[in-house]
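Enquirer: How does the following fold in three dimensions:
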Amino acid sequence: MESTSFSITEDIQLFKKKALQWANRFSVLCALDSNQDTKNKYSDYEFLLAVDAIDHIFPSPNEKAFDVLQQKRESQKAWHFGFLTYDLKNEIENLSSENPDAVGLPAMCFFEPRYLIFIKGNQVTFNRNYPESADLLDQINAQVIEPKHLSEKVILQSRLTKEAYLDIIQKIKQHILEGDLYEINICRELFATAVTIDPLSTYFALNERTAAPFSSYFKLHDQTMLGASPERFLKKKKNKLISQPIKGTIKRSVHVEEDELLKSELYFNEKERAENVMIVDLVRNDLTHYAIPGSIKVEELHRVYSFKTVHHLISTISATLKEEQHAIAAMAAAFPMGSMTGAPKIKAMELIEQYEVTKRGLYSGAIGYFTPDNDFDFNVVIRTILYNQKNKYLSIQSGGAITIDSLAENEWDELNLKSQALAQILNQ
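Expert: Residues are numbered from 1 along each chain as shown. Here you go, the predicted model:
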């Protein structure tokens with residue numbers, strides 16, 4: 001794959017927008033933006049833009065998706081970008097997903113891009129599979145970013161009333177008292193029907209508002225995913241695996257002193273710390289299946305990371321992959337991520353299916369990439385707008401961890417806090 005590098009003298013954020021607007025003419029693309037995050041030392045790329053598919057990985061419903069992915073990766077050493085939906089759990093464990101799904105994404109999709117653009121600092125590198133892309137830089141620079149009305153008024157409805165959600169919390173706490181599980185993540189969908197939005201302009205606004213370190217824009221024909229995720233699911237670099245689950249959330253304040261107090265309140269909140277430790281233990285257990293014994297380390301335990309709209313407690317767990325094990329098998333063993341399921345994981349997923357009323361689909365799945373060297377990095381799909389342009393259906397899901405110490409009213413407020421930035425963007 002031929003590559004060419006350039007130094008950009010203009011505002012790099014403007015250049016990213018121009019590159020995305022140029023790419024949006026194609027039917028398949030994936031943009032991953034760390035928003036120049038300096039807090040997380042594990043990120044290799046500041047901005048990746050994969051454009052146009054010269055090859056797809058689309059497992060059929062009767063195929064094992066992770067097996068198909070592994071076979072493809074073994075036979076083709078290339079860049080692949082794509083997503084894993086939460087419902088792949090059904091091929092990993094004896095589980096099912098019967099709740100309705102109006103978004104309609106496939107269970108898994110990966111593609112090899114025709115064009116691949118890297119940005120780091122003011123340096124832009126183009127990798128391309130076809131020679132006609134020689135004037136890519138000129139094509140991108142010629143783009144004009146014009147302010148657009150993002151959407152018509154979006155009236156979001158909730159799949160669960162507040163009363164229904166509070167009732168579910170009480171039922172979950174009864175399960176905990178009976179010893180069925182310790183913790184579970186229960187989600188709620190906000191949705192809109194017969195709605196028209198401009199996905200790219202909406203993503204621009206969302207990314208400016210949140211500056212999330214695992215931001216993503218994924219277009220698959222008529223379906224678009226606009227993500228502002230702060231969370232890493234799993235990364236592999238050489239033989240090292242890294243997971244960074246989030247458990248613990250509190251709002252930010254524009255006042256410095258109050259903001260510091262909120263950070264302290266989150267850090268010393270015993271309930272939030274206990275939730276975080278439970279998920280750390282779950283991730284450690286997931287990684288034991290494919291890690292060298294004794295190599296699993298907790299590098300950070302419930303550290304406070306600050307983002308534009310919220311503070312989070314994040315832990316970092318690392319492990320060394322056994323030499324004889326395939327990386328995708330390790331990924332499957334850790335999927336779906338513990339922060340979006342619960343402990344014990346299988347029981348939590350059974351109860352999630354019982355009490356939630358919407359199929360999760362891509363929400364609480366993962367978006368990311370594989371390199372030709374078989375390294376990978378995937379986010380957790382949260383703080384994300386899913387939009388089906390064909391049927392004009394829009395979906396925003398949000399969730400929170402429920403433990404025996406959970407206060408139902410507080411959990412409801414946390415759902416609203418997590419979806420607030422997305423809802424406000426749609427109606428600004």
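Enquirer: chain center to stretch 13-20, what's the gap?
Expert: Computed by CA atoms, centre = their mean, to the nearest Å, the chain-centroid distance of stretch 13-20 equals 21 Å.
Enquirer: Only alpha carbons, please: show that stretch as CSV.
Expert: This file holds the C-alpha atoms of stretch 13-20, laid out as CSV (Å, rounded to 0.1, in the frame of the first residue of the first chain):
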residue,chain,number,x,y,z
GLN,A,13,-9.5,20.3,13.4
LEU,A,14,-10.8,22.0,10.3
PHE,A,15,-8.7,19.7,8.2
LYS,A,16,-10.3,16.7,9.9
LYS,A,17,-13.8,18.0,9.2
LYS,A,18,-12.8,18.5,5.5
ALA,A,19,-11.5,15.0,5.3
LEU,A,20,-14.6,13.6,6.8
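Enquirer: Identify each buried residue in that stretch, please.
Expert: F15, K16, K17, K18, A19, L20 (16 or more other CB atoms under 10 Å). Quick note: C-beta positions are derived from backbone N, CA and C, even for glycine.
Enquirer: Tell me how many other residues surround D52.
Expert: Under the neighbour criterion other CB atoms under 10 Å, D52 is assigned a count of 20.
Enquirer: pLDDT below threshold where in the stretch 101-250 of the chain?
Expert: Of all residues in the stretch 101-250 of the chain, those with pLDDT under 70 make up the ranges 129-134, 149-152.
Enquirer: Now pLDDT too, for the buried residues of stretch 13-20, in JSON lines please.
Expert: As requested, the buried residues of stretch 13-20 are exported to JSON lines (pLDDT from 0 to 100):
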{"residue": "F15", "pLDDT": "94"}
{"residue": "K16", "pLDDT": "95"}
{"residue": "K17", "pLDDT": "96"}
{"residue": "K18", "pLDDT": "96"}
{"residue": "A19", "pLDDT": "95"}
{"residue": "L20", "pLDDT": "97"}
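Enquirer: Buried residues in the longest strand anywhere in the chain, which are they?
Expert: Taking DSSP state E as the assignment, the strand of the chain that covers the most residues is strand 108-120. Of the residues in strand 108-120, those buried under the neighbour-count criterion (16+ other CB under 10 Å) are M108, C109, F110, F111, E112, P113, R114, Y115, L116, I117, F118, I119.
Enquirer: for stretch 70-78, same thing?
Expert: Residues of stretch 70-78 classed as buried: Q70, K72, R73, A78 (neighbour count, 16+ other CB under 10 Å).
Enquirer: Now do that stretch, average pLDDT.
Expert: Over the span of stretch 70-78, the pLDDT mean works out to 91.
Enquirer: How about residues contacting that stretch?
Expert: Stretch 70-78 is contacted from outside by D55, I57, H80, F110, E112, H326, I328, A329, F370, P372, D373, N374, using CB atoms under 8 Å, 6 or more residues apart in numbering.
Enquirer: you'd agree the fifth one is up against V51?
Expert: It refers to E112. No. Counting by CB atoms under 8 Å, E112 sits too far from V51 to count as a contact (11.2 Å).
Enquirer: quick revisit: distance to Q174 and secondary structure for the contacts of stretch 70-78 - can I get that in CSV?
Expert: Supplementary listing: the contacts of stretch 70-78 in CSV, determined by distance: CB to CB, whole Å; DSSP: H, G, I helix; E, B strand; the rest coil:
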residue, distance to Q174, secondary structure
D55, 50, strand
I57, 42, strand
H80, 44, strand
F110, 41, strand
E112, 49, strand
H326, 41, coil
I328, 38, helix
A329, 36, helix
F370, 43, strand
P372, 50, coil
D373, 49, coil
N374, 45, coil
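Enquirer: Quick one: those residues as JSON lines, columns for distance to E258 too.
Expert: Formatted as JSON lines, the entries for the contacts of stretch 70-78 read as follows, by distance: CB to CB, whole Å:
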{"residue": "D55", "distance to E258": "52"}
{"residue": "I57", "distance to E258": "48"}
{"residue": "H80", "distance to E258": "45"}
{"residue": "F110", "distance to E258": "44"}
{"residue": "E112", "distance to E258": "48"}
{"residue": "H326", "distance to E258": "49"}
{"residue": "I328", "distance to E258": "45"}
{"residue": "A329", "distance to E258": "47"}
{"residue": "F370", "distance to E258": "43"}
{"residue": "P372", "distance to E258": "48"}
{"residue": "D373", "distance to E258": "46"}
{"residue": "N374", "distance to E258": "46"}
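Enquirer: quick one: which of the buried residues of strand 108-120 is nearest to L166?
Expert: Checking these against L166 by CB to CB gives M108 as the nearest, at 34.9 Å.
Enquirer: Might one say that the closest one is in contact with A65?
Expert: Yes. In terms of CB under 8 Å, M108 counts as a neighbour of A65; the distance is 4.3 Å.
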